[in-house]
Every structure is written in structure tokens, then in C-alpha cells.
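K.L.:
A predicted structure for the sequence below; I have some questions about it.
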Protein chains: 4
Amino acid sequence: MLIRFHRNTDEDSVNKLKKSVEQTGGSAFYLSHAGDMLMVVNGCNPEFFSNISSIESVLNIDTPYQLANRALHPEGSVVNVGNATFQEGKFTVIAGPCSVESFAQFKSIGESVKPQGAKMLRGGAYKPRTSPYSFQGLGEDGLKIMSDVAKSLDLPLVSELIDPRDADVLYKYADMIQIGTRNALNFPLLRLVGEMGKPVLLKRGQSSTVKELLTASEYILSCGNFDLILCERGIRTFEDSTRNTLDISAVPVLKKFTHLPIIIDPSHAAGRAEYVTPLALAAVAAGADGIITEVHCKPQEALSDKEQALSFEQFETLMNGVRAVAKAVGKEM
Amino acid sequence: MLIRFHRNTDEDSVNKLKKSVEQTGGSAFYLSHAGDMLMVVNGCNPEFFSNISSIESVLNIDTPYQLANRALHPEGSVVNVGNATFQEGKFTVIAGPCSVESFAQFKSIGESVKPQGAKMLRGGAYKPRTSPYSFQGLGEDGLKIMSDVAKSLDLPLVSELIDPRDADVLYKYADMIQIGTRNALNFPLLRLVGEMGKPVLLKRGQSSTVKELLTASEYILSCGNFDLILCERGIRTFEDSTRNTLDISAVPVLKKFTHLPIIIDPSHAAGRAEYVTPLALAAVAAGADGIITEVHCKPQEALSDKEQALSFEQFETLMNGVRAVAKAVGKEM
Amino acid sequence: MLIRFHRNTDEDSVNKLKKSVEQTGGSAFYLSHAGDMLMVVNGCNPEFFSNISSIESVLNIDTPYQLANRALHPEGSVVNVGNATFQEGKFTVIAGPCSVESFAQFKSIGESVKPQGAKMLRGGAYKPRTSPYSFQGLGEDGLKIMSDVAKSLDLPLVSELIDPRDADVLYKYADMIQIGTRNALNFPLLRLVGEMGKPVLLKRGQSSTVKELLTASEYILSCGNFDLILCERGIRTFEDSTRNTLDISAVPVLKKFTHLPIIIDPSHAAGRAEYVTPLALAAVAAGADGIITEVHCKPQEALSDKEQALSFEQFETLMNGVRAVAKAVGKEM
Amino acid sequence: MLIRFHRNTDEDSVNKLKKSVEQTGGSAFYLSHAGDMLMVVNGCNPEFFSNISSIESVLNIDTPYQLANRALHPEGSVVNVGNATFQEGKFTVIAGPCSVESFAQFKSIGESVKPQGAKMLRGGAYKPRTSPYSFQGLGEDGLKIMSDVAKSLDLPLVSELIDPRDADVLYKYADMIQIGTRNALNFPLLRLVGEMGKPVLLKRGQSSTVKELLTASEYILSCGNFDLILCERGIRTFEDSTRNTLDISAVPVLKKFTHLPIIIDPSHAAGRAEYVTPLALAAVAAGADGIITEVHCKPQEALSDKEQALSFEQFETLMNGVRAVAKAVGKEM
């Protein structure tokens, strides 16, 4: 259950209500965000809250996630990261390499994708690699490179956090913090990015249900961070002709249940460059608010994920297709 | 390995070659189709076939399926069913109820979907229901109703075969025979429809890989029936917010590996009417050649699958969206 | 809901009740089996049946399967096939090759497994092979061979039915009819073996839930055939180090929900001979009533499934282990 | 490829070899453990290492994991944690509540499971709960309680680490550090426990393949920590009658590929107390080296995972069964 107080309610009366909920055996979690004064209540009867003058509305939400529920913002949330905007009615493309490898590499990619219409750059500095003997990323040096290039191109940068101990460094250089699929249920890390005060891109765990993705997002929202974008990137199934199985249905399902913007990662879903464009087009058509995709200046020489990186030519084809479909379904780019 | 003989090669020399393959311990399967003279060979060296004058080409196909491999028809196959055509560059919509329930019901649906742009009618007379105590379909009476309506509307009809003992009845009334997901690996039934001489719609098994779908299709093709359309209809995964998980990536994957037309069944994938249109639009954008979808005059009263049936209004919305996206990706309707 | 009438109730009053159920909008399915007079009722209130003198008891079963529900026979069912018995408290081993290949092969295997303790022989004559170009089985000739060997060894024989058109032939030679995983939801075939009047071994579909397996079994039971054994043989998952993933938990789950005997097929689950014995031992320990396993005189030369066939020596090791664990958990062999 | 040097080789010559490998474009990772001098080499030809006098043997391991490969210790590893030993030929039981809730609760459980034969206590102080509004564990207070009880009973304690920032606290109180399923691919956390110098219990990710579990274990081993036990605890599949699907086949598969001890968590696999004992017995029979199971003094009042916690009586039944099966398969307890 989600209680919305009248704005400017004094916090004393909120705290009093919290206590009285707890005395009846229920739990209450209070949160103030952008002027909204909200309280998540569990184990308490709705009638308990009738005739309390400080309460504007009681949303009787029956999902385990409350702040993520669409009922809170039926019109859909808007997340701004620098000049990039994620919201319904728009389609926003994030592009860049799996890993930053050098200044020249990242600059070349950035300069190629921006004129094609990419609104944000991506690139990994701390890589969660399956084997400890694989390339693990350039760390802070890589972040510095990416940040310099991004600034020079006036594009925001998203990069992944995999270790709480790197949070300060990442905060310094990245405009949006990504939580990757392997950390989708790493709750301390979710809380940490909830508290960092930067926009967050939360990828779905490869074996998380949509419901679990939304409940995980609640860890971030309950820290007062509503600048949150969800990303479907393929789930693990028995099918092995693609790296993962893109759950395209997650787009309309998420749109029904949450107000948060939804983007698609066609690169990790497909695992092969040749399948990325059809999946990107499907993402637009199904109603996603954007994509994040891997592009490399020389895909065959990439230090990680080379099979799925698009060449510049392939990215151009993708963008032409995306623009046409976006127009057909009434989305601005 | 697939051998293509020069047209008009005399069958004697083909048979001689077959024998000599078998004498070396290999296997050879000969097939004549639409003037093409083809031989599927296993366990034999390609060099064996060099310098044989009757041979036009040797396709060294390394997939377990041979006749389904794109190498046989790189330009893609065309399947005509009455006036409906399935091929790359087009997008063809099949619509109708899960089950035929009465003449009035089927007529009402047919008359509604045709002007919206449906090119073929669907409807089940023999239903594979999970429980033996559920409605099992109207049988031949239902087929007769559907056939009468379809003829009066000048639309072809597809209906499902679940029992070899119903093949003759189905042959009489349906223009295309559907093999459903539960029979996707029912090999005797696949052979039977291979031999029936009518176009076939083969649905993917809910736990079949793309490779298994293609190998299953080989049972039909090897009977000389090339009027075959494949259908992705969702696979079984851990996600439970939809009935199945639509494997949208199967579209580009299948397009790479086979020449057969590919359609999508968004209704069975979604399991809920509200998600069907986004999935249908994704199907067009990803490159599918059509969809098959469930429409009902009164969805809430449908005797089967009522949660996923579109109302007439929902189908109209779907068709408007499909047309717009088809145009954007250069597909005719 | 399951109604049990007093034995010797006259069928007129049963039919009258059936009609009155149907008049209230419910459905009623009547079945007489081994003296039991049972009626499966849906869509009707339990109170409807109070104070009816011909009714012995009303089982308010809330599962979609009724006759398979443990409530009907809380003590567990006993299925006899020749001298082999499947029931709780016993552990019964079925062994033999994937496919019968010749009289010498089948005789050699039968003569080896019987003294080791196998109580039934298995062997396929009609093989559901993934590729149409693979060995498809010896058909009736193979059945005749197996039947002759089985009779000479005084062991019953189980063999698979994949096509209704082979039912008469199979009836003639086999003592138990197997429905394989690919036909687990082939409802016309399930009805057919329900009506054939021979014991049935129903394998779980590789993507069927336990609940779907039980609902499928209802197709057979509702034909009055209660000589039914269920078989867990591995389900399809993302794990690829085994052919399928043995769902060992299905044993206690099925034991809770149904009275039918449960056996395990460790061969198809494992897909590799070296893993079969540990899985067979796990089956005993988890409470299964038997196993069905593949044994071959020369595994490396088997015409099908050669990777998973046990050699005679491996089968001896398996049986020694099985006997020891069966004794430890109080099961007779 | 794994190089084993003669013991007491001087590190200079090791370093020289490392450099020359890197100059040829390969990678080399050196590790000294318990007197063993090992080098993991990738991208280099085995012949490169012939005729080098400091090298004792070259293991041409073709798996992505090297130190975890059975080839390194074909006889199997032994891991001691206090008085508890995990090795082939033994079966060791870990028991305790999901979460420590109070001194009285943990003491009561410890005093009950020890005389039944449990050799180690388990209990969570930092809980990775799906919802941020659920009980999150007692933290350091809980660890202190568990450590006090464990010491008084002379049993070692295992507890889960979910946040690097809690590592020092956990180090102080726990005898073995658990990495749970949600962090199975949290590589920085794996490295951290690799460096902590305490035994580690690594649970399989719910969507990790066996191969990925082994590659993840390499992160810990490559830090020089070989006191590592792997735990199969169920994987995510479509089946929903259990919380997860216990992959019992993982036991023989892991036994083939790695020298590390393997235990089973039947509680999280089953998700329901009534299924735990059959799964525990299956674990023994399949060759596992132990189990970790949840026991509670009052299961119905547990603050987390109450459906799957065993009562004291249920645990006694489990232990009786486990002892009998262990004896049957020749395992000491």
C-alpha cells in the first residue's frame, strides 16, 4: 500500500502515523522525493488510513513493488541524463564499445555514432568477465578516457559499476551508472546506487522474472533515486542460436506495471552482430523507449564481445531502420 | 550434403549413383520437386561427386537439415495458399477464433477481419485441450462451417490436424493444414502432412530449438511438400507474466538458415489480448512474413483461450499499426 | 470434484444425476473401473450432492486432474505387467536397448540383464528420430524379435507407440505401451492407449510441468485404464552438460499428488552412460518405484543413443548400487 | 594449459618463463599454493614448454577453468573447516536456520542438530531479500550470537557475505564464508573471498551452467584459496511445483570435471520442507559430499524461508535416512 501525503505535511505527523502503523504490527517506510511525500505500508488495513487529513491518497497496490508500480505515475516517468531524455513517446539510442580500449578507439566510435543519432555513449571500464584470465578493463584510466571523449562530444556517458569500492571513481566520471545482469540481485549494490544520486540503468538479471526486476528496482527507488531506467537484455533459456533470448514481451508487460522508462539491449540478447538490427527494430515497434547497443571501430579486433559489436556501417543501417519504425509508431528521436 | 542434378537427368543414372553411395557406407535420399532433382547424402565425401556429368551442383551443407537450408533457395521460398501469399517482402495476416463455435460466430468474425486486411482465416475444429474434460472442438461440423464461410468470403482457411485419423476430413475442408506446438515432434504426423499435398503451417514446439524446428520441417520437405510455412509462437521459459516467451530473435535466425517463410503467433506467445498488438508490431519490424492471431466476436464468452482473443476493435488497432510498420520496413500488405 | 457411488448402484440413477448436473450448467463424466463407480464433476457446488443415498463419498479435489489425484487411492496404486509389479515399497528395473537391431542383439541383452535383476525388457521398434534420414527402427519385424526373446525369458516387454496406425501391431507384441516424451501432449494418442486395454508407461514431456503430466495422465485414466505408470526422464533447461535435466524433485512431488507409480529414466536424462548409475541411485533414494534404462551389448556400435547405453559391466555396477540403496530405504527388489 | 614446476624452483626462472610466454602473445598467471608452483597459460603451444628442466608436468587442460579442473588433483580435494571435513568418501551435514533471529533461537537449533550428527552450523546475518521491505538480518549482532553458540558447541559456522564492506566483520565471526546464488557471478566478491584466507562455500547461480560455476570458482582459486566447496542448490526452470529444480546430475558431472568437494542444498531447491528429505537422500546416493539444510525450532514462525525449514523431528528423519543411504554407498559420516 502506498500513502501519498499532502505536500508540505509536517514530518512530525508523518512520523506519528509511522509509529502507530508499527504499533499495530505493520511496517511503514517513509520517503520524500521531488516534493512527493510517500509512505510504503505493509501488513496494515487500508481503512486504517481513512479520515486522516494529512493524507492525499491511498494507493492499494497489491504488487511486492510499490514505488515502481505504474499507479504512482500513470503518465510514465521522464529520466533526463545530460541532454538525453528517456520517456514514452521518444526513442533514445545509447551506443559505444563493450570495453573502452584506448582514447583513439573510444573517440573514433563516439565521433561515428553521434552524427548517426546516438544520444549517449556507453563503455565498460570494469568488466565482469566470465574468466579471471580474460581482459578485465582499463579501470579509472578507461573512465577518464571515456569521460573526456563524452564531454568533447557533449554526450552523457553510462558505465557499469560492479564493486562498491569503485563507486567514488565511477561517480566522478560517469553520468549514469549501469548495474549489469550479473548484479541484478546484488542488493547492497542496488542500495548503493540508490544513494549515489546519479541516474541508474538497471539491467534485468538473466534469470530474473519481470516481477523480480521490478522488486529489485524498488531497492533503488526506496533510497529516493527515481532517475531509473530498466533494461531488458535477454534471458537464459534452452535456445542456443542466440546468446540469450530477448524477451520482447517484457516491453508491454513492463509498460503495464511500471512508470519507469524501458530500454532494450539487442547486442547482449543476440550475441551476434547480424541479428542486432532486427531486434532493435522490434524494440521500437514493441514500444520500448530506447536501446543500448555495442558498436566498435574494428569489431573483429575488439577485446571483448567482438561477435556482437556492430561496425559503423551496420550501426548506420540500424539507425536508418530505427528512425523509420519510430516514425511509424509515433515516437520522436 | 545436397546434390542437385541437371533437370531431365534420367532416373536410372540417379538410382545408380544412389546405390554406389550406399555401397560406400553412406546414405542417399532422392527427391524430385517442381522439376528439381535433389539427393540428400550423408556419410559420404564431396569428392565422390566431382566429375559426374549429371550433377549440376553439390551443396556442402553441414546442418542436419538439408532441404530446409537457405542454400537451396537463397532468394527465399514463396508459398501460395489460395489468394494468400507468404514470401519475403510481404506481410500476410491470418485471423480467426481459437475454436469455431457456430456458423454465426465464425461468419461474424470472418466478415469483420476481411475488410481489415486479413488474407486467411484460422479456426480449430479438433482442439488439443490440456484437460479431457474441456471443450474438444466441433469436429467435422466445425470444419464444414468454416469452409462455407471461408469460401463465401473468398479467403483460404487453415485448421489444425492432431490425429492422422482425421486427415481425410481435414483435407476436404482446409486449404492449409496446421501442425500445432504439441505435435511439433510428432514425426508420423509430419510425414503424413508431407504426403497430403496441401500447404502446411508448422508451429515450433514450445521447447524446440530453432535447429529442431528446422530438422522437423525436413520430415515434411523430404516427402516432396515444399509449401511449408514455419511459425514461432513462444517458447517455455521461467517467465510467467506471459503464457510463453516469444522468441523474436528466431525471425532473423530462421531467415539466415532457411528459405521457408516465417510467421509469428503473437496470441499464444502473449496469452493476454493486451500484449498481442505490441508483439505483432515487433514481428513486422523483425522481418517476419506474417502473423496468425486470434480474434473473437465476444472474447469474454469464447469457449477456449478467451484471455488472448482480440476484440474487433483491438484487431483494427493491430492492423493499423501493422500497416504502418510494414510500410516503414518496406513490406507490402 | 470426484463422486464415488456405492458399488452396485444402478446406472439409471447415475445417469439421472449426470443429467441434473448438466442442467445446472455443470459437466459430469461417468466412469466405472474395477467395481468403482466414479463421476468427475466440474462447475457444480459440493452441496448439490449431499443427501443423495447412492453416493458413498464426495472428494472435493481442486486440481485439474481428478482420477490421478492421490485422494482417490491414498495408499498408492499397484500396476502389474506380467510378473513385474510397480508399487510403493518395491523397486523395479526395466532394461534393454534403445532400438532393437537384430535377434542376436536383443537376445544377448535380455540374457544379460535378467540375471542381474531386470524385471522387464524395453526396446524400440518405431523410433521418433530427430532427423528423417536417421535409422527409424525395424517396425513389426523388430517387435516380433523382442516379443520372442521376452517370452523365452519370461519377462514382459515395453515398447513405444508413436502412430495410432501402429496400435494393433503394438498391441499384439508388447505387454506395456510406452508414450514417449515427444507425444506426451498428443491427446488422441493418449486416448487411444487409454482404450487399448494394456498397461501404459507415460513419459513426461520435456517441457511439461508436473501438473501437465498429471493432467495428460487423466486422458488415459478417463478411458478407464488405470494400469498407468508415470516416468520422469529429464526436462529441458539451459544446462547443457547433460542431455536433459533430471527433475529428481518430481518424485516426491508426484508421490504427494498422485497414486500412480513413478519411475525414472536416467539414460535419457543423462545422455551419457557415465552419469546413469548415480542418477539411478538417486532415483531409489528419492522414493521412485523403478527405473527404465538403456543397455547394449556393444554400446559404441548402437544404431541410436549410443552415448547413453550402459555396457553389461556398467549395468552390473548399477544393479549392485541400486540393490544396496533400495535395502537402505526399505524397498524390495 | 596448466604448468606445474618442480617444487623449490626459484621464482626468477618462473618469472623469466612468464615473460617469454607473454612475448609470444600468450598470457601466463603464476600461483604458489601449499608448495605447489603452478602457472595457468593461455594462447601458447604446449611444445613451447618441452625440455624446460624446471617444469615437472604440463597439463593440457582444454576447459576455461584450469585450477578447478580435476586433472590437477585427480584424487579429489579435502577441505577442513574446524573439525568438519569435506571430501570424497565422507558425507558432512551443515544445518541451521535461514536467518539468526535471537540467541535463544540459534542455541535451541544448534543444540538440537548437533546430537543428530550435524558437523557445522549455518545461519544468515546479512540476508539478500527479494524485497527491500522484508527483514534484512541482524547484521553483526547476529554474527556474534552465532559465533558464541557455535563455539560453545564446538562446531564451525558458515555465514553468507553479500557486501565487500562487511568482509571484516564476517571474517571475525564465521569459519567459512558463503557466496550465495545471487552473487555467484559477482566477480569482485569472489576475488575478495579468494583473498580473505578462510574456507569458502560457493553456491551455483540459479541460472549458471556447471561450466560457469567452475569458471567462477577459478576466481577464488586463482587468489590462492583452495579451501573451496561447491554447492548445487537448484536452477531456474519452467517447473513451478518446487522453488527451483535441483540439478542432481550436477553431482556426477562436477565429480568428473573438478577435484573440489560438492554439496547439495535441498532446502532452497525444494522450497518446501516436505520435499527436503527425499532430495537429501538423493544427494547422498548420487555421490555428493554433504548437504546444507535449513532447520528451525518453530518453522511456522521463522522470519524468512519458513516454508522450507525442517522441524527438529523432520531433521531427525532426514538424518536417519541419510545415515542409512551413506552406509549403503560406502560413505562415512
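P.N.:
All right, it came through fine.
K.L.:
For A:Lys172, which non-adjacent residue is spatially closest?
P.N.:
A:Leu143 (7.5 Å; Cβ to Cβ, 6 or more residues apart in numbering or on different chains). In this view, the C-beta of every residue, glycine as well, is placed from N, C-alpha and C.
K.L.:
Name the residues of the stretch 101-250 of chain A found near chain B, please.
P.N.:
A:207, A:209-211, A:235, A:237-242, A:245-250 (Cβ under 8 Å from any Cβ of the partner chain).
K.L.:
which among those end up buried?
P.N.:
Taking 16 or more other Cβ atoms under 10 Å in any protein chain shown as the criterion, what is buried in these is A:207, A:209-211, A:235, A:237-239, A:241-242, A:245-250.
K.L.:
can you pull out the helices in the stretch 151-300 of chain A?
P.N.:
Under the criterion DSSP state H, counting those that start in this stretch, the stretch 151-300 of chain A carries helices at the ranges A:167-173, A:187-196, A:210-221, A:250-257, A:266-270, A:273-286.
K.L.:
Can I get those in a markdown table including mean pLDDT?
P.N.:
Shown next, in a markdown table, are these (pLDDT from 0 to 100):
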| stretch | mean pLDDT |
| --- | --- |
| helix A:167-173 | 96 |
| helix A:187-196 | 95 |
| helix A:210-221 | 96 |
| helix A:250-257 | 98 |
| helix A:266-270 | 97 |
| helix A:273-286 | 98 |
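K.L.:
closest one to D:Leu228 among the ones you listed?
P.N.:
Of all these, helix A:187-196 sits nearest to D:Leu228, with 22.7 Å by Cβ to Cβ.
K.L.:
Work out for me the element whichever residue of the stretch 1-150 of chain A sits closest to chain C sits within.
P.N.:
Chain C sits closest to A:Thr130 of the stretch 1-150 of chain A, with a gap of 14.8 Å, by Cβ to the nearest Cβ. Secondary structure assignment for A:Thr130, by DSSP states H and E: no helix or strand.
K.L.:
From B:Lys107, how far off is it?
P.N.:
58 Å (Cβ to Cβ, to the nearest Å).
K.L.:
Could you tell me which residues of the stretch 51-200 of chain A lie near chain D?
P.N.:
For the stretch 51-200 of chain A, the residues in contact with chain D (Cβ under 8 Å from any Cβ) are A:64-65, A:128-133, A:162-165, A:182-183, A:185-188, A:191.
K.L.:
wait, I meant the stretch 201-333 of chain A
P.N.:
A:205-207, A:212, A:215-216, A:218-219, A:222, A:236.
K.L.:
still on that earlier bit, for the helix or strand hosting the residue nearest to A:Lys172, which positions count as buried?
P.N.:
In the assignment (DSSP H and E), A:Leu143 maps to helix A:140-153. Residues of helix A:140-153 classed as buried: A:142-147, A:149-150, A:153 (neighbour count, 16+ other Cβ under 10 Å).
K.L.:
For that helix, name the packing helices and strands.
P.N.:
If you count contacts as 3 or more Cβ pairs under 8 Å, 6 or more residues apart in numbering or on different chains; DSSP states H and E, helix A:140-153 packs onto helix A:103-116, strand A:120-122, strand A:157-160, helix A:167-173.
K.L.:
can you redo those as a markdown table with mean neighbour count?
P.N.:
Shown next, in a markdown table, are those (neighbours: other Cβ atoms under 10 Å in any protein chain shown):
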| stretch | mean neighbour count |
| --- | --- |
| helix A:103-116 | 19 |
| strand A:120-122 | 28 |
| strand A:157-160 | 26 |
| helix A:167-173 | 16 |
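K.L.:
Nearest to B:Ser32 among those would be which one?
P.N.:
Of all the helices and strands packed on helix A:140-153, helix A:103-116 comes closest under Cβ to Cβ, at 50.0 Å.
K.L.:
can I get the buried residues of helix A:140-153 in a markdown table with pLDDT?
P.N.:
A markdown table is the format used below for the buried residues of helix A:140-153 (pLDDT from 0 to 100):
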| residue | pLDDT |
| --- | --- |
| A:Gly142 | 96 |
| A:Leu143 | 97 |
| A:Lys144 | 97 |
| A:Ile145 | 97 |
| A:Met146 | 97 |
| A:Ser147 | 98 |
| A:Val149 | 98 |
| A:Ala150 | 98 |
| A:Leu153 | 98 |
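K.L.:
Domains in chain A, by residue range?
P.N.:
A:2-60, A:79-328 (automatic domain parsing).
K.L.:
Comparing the ones you listed, which comes out most buried?
P.N.:
Greatest average neighbour count among the domains of chain A goes to domain A:79-328 (a mean of 22), per mean count of other Cβ atoms under 10 Å in any protein chain shown.
K.L.:
Would you work out how far apart the start and end of that domain are?
P.N.:
End-to-end distance for domain A:79-328: 24 Å, by Cα to Cα, to the nearest Å.
K.L.:
just stretch A:64-74 next, same as before
P.N.:
Span of stretch A:64-74 from end to end, Cα to Cα: 18 Å.
K.L.:
what's the answer for stretch A:230-250, then?
P.N.:
With Cα to Cα, one end of stretch A:230-250 sits 11 Å from the other.
K.L.:
hmm, that stretch in reach of chain C?
P.N.:
Yes. Using Cβ under 8 Å from any Cβ, stretch A:230-250 reaches chain C at A:236-238, A:240.
K.L.:
need the contact list for A:Thr317.
P.N.:
A:Thr317 is in contact with A:Thr277, counting by Cβ atoms under 8 Å, 6 or more residues apart in numbering or on different chains.
K.L.:
er, A:Thr181 actually
P.N.:
With Cβ under 8 Å, 6+ apart, A:Thr181 has these contacts: A:203-206, A:233, A:268.
K.L.:
sorry, back to before: for D:Phe226, which of the helices and strands packed on helix A:140-153 is the nearest?
P.N.:
Closest of the helices and strands packed on helix A:140-153 to D:Phe226 is strand A:157-160, at 30.1 Å (criterion: Cβ to Cβ).
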